[in-house]
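S.K.: here you go, sequence then predicted model.
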Amino acid sequence: MAGYFKDLYLGVTTVIAGMQVTFRHLFEKNITIQYPRVVKEMYPRARARLVNTISECECCYKCQRICPVNIFTITGIRAGKDEDLGMLPSGKPKQMHILEFDIDFSKCVYCGLCVDVCETKSLHWEAPQEVCTFTRGEMKISFADMPEEEKQRLLKQEAEKKAARAAAAAAKAAAGGAKPGAKPVPKKPVVKKDEGENAAEEKTE
């Protein structure tokens, strides 16, 4: 019987002790947030989600070359001399049409090497860090904003330029009497004989 009342006493006192802690924190400032409806502000150096401002990108391919896991898919075409694509933040004129700039976040290791080598700082970190998707395909995000019709026009124009350059090279090679891509045949050196050798040959004859 004594054990019953002892257990009852311990049960009541431990509940009261726990409620004291609860009431002590009830009117204090909240230390939690209602995530994901409320997102905490990231620190300035936080490696969150990669974002590329396409209007400031010079399409130098440095991020693609330095990436250890190949998350970038970039396609660019050099603009003509009479085309004005605007200016970059560095003060240099923009010289490349960016047809494709995709980032596959399913492979990103958040090393930050691509952000470090970007000269114009068009590639940077930005919140939110967590990008929730249901498929792997949704984790591949495109930042190029060129319409499909303009992209096809530029690709066709670039193909025509390459064909014209190849035809000009073939015509130049044909005019020189050599096959396109053929290596010139080196001439054999002419060996001159000494006068003494010539005289000896004449006597022999």
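M.R.: Sure, I can see it.
S.K.: make it CA atoms for all contacts and neighbour counts henceforth
M.R.: Will do.
S.K.: list the strands paired with the biggest strand by length in the chain, with their directions.
M.R.: In the chain, with assignment by DSSP state E, the single longest strand is strand 96-104. Paired neighbours of strand 96-104 in the sheet (DSSP bridges): strand 72-78 (antiparallel), strand 140-142 (antiparallel).
S.K.: can you give me the mean pLDDT across that strand?
M.R.: The average pLDDT within strand 96-104 is 93.
S.K.: buried set for the top helix by length along the chain?
M.R.: Ordering each helix of the chain by length in residues (DSSP state H) puts helix 148-175 first. By neighbour count with 16 or more other Cα atoms under 10 Å, helix 148-175 contains the buried residues Lys151, Leu154, Ala170.
S.K.: so how far is it off the chain centroid?
M.R.: Centroid separation for helix 148-175 versus its chain: 27 Å, with Cα atoms, centre = their mean, to the nearest Å.
S.K.: how big is the angle separating that helix from strand 96-104?
M.R.: Going by axes from the mean of the first three to the mean of the last three Cα atoms, to 10 degrees, helix 148-175 is angled at 120 degrees with respect to strand 96-104.
S.K.: any stretches of the protein with poor pLDDT?
M.R.: The chain contains residues with pLDDT under 70 at 129, 177-205.
S.K.: show me where it has helices.
M.R.: Secondary structure of the chain (DSSP H): helices located at 2-26, 62-66, 113-117, 148-175, 195-204.
S.K.: distance to Ile103 for the ones you listed - can I get that in TSV?
M.R.: Formatted as TSV, those follow (distance: least, Cα to Cα, whole Å):
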stretch	distance to Ile103
helix 2-26	45
helix 62-66	10
helix 113-117	11
helix 148-175	19
helix 195-204	77
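S.K.: and those helices: which comes nearest Pro89?
M.R.: Smallest distance to Pro89 across the helices of the chain (Cα to Cα): 15.0 Å, for helix 113-117.
S.K.: tell me the contacts of the residue nearest to Leu154 when sequence neighbours are not counted?
M.R.: Excluding the flanking residues, the one nearest Leu154 by Cα to Cα, 6 or more residues apart in numbering is Ile77, at 7.6 Å. Contacts of Ile77 were listed using Cα atoms under 8 Å, 6 or more residues apart in numbering, and they are Met96, His97, Ile98, Leu99, Leu154, Glu158.
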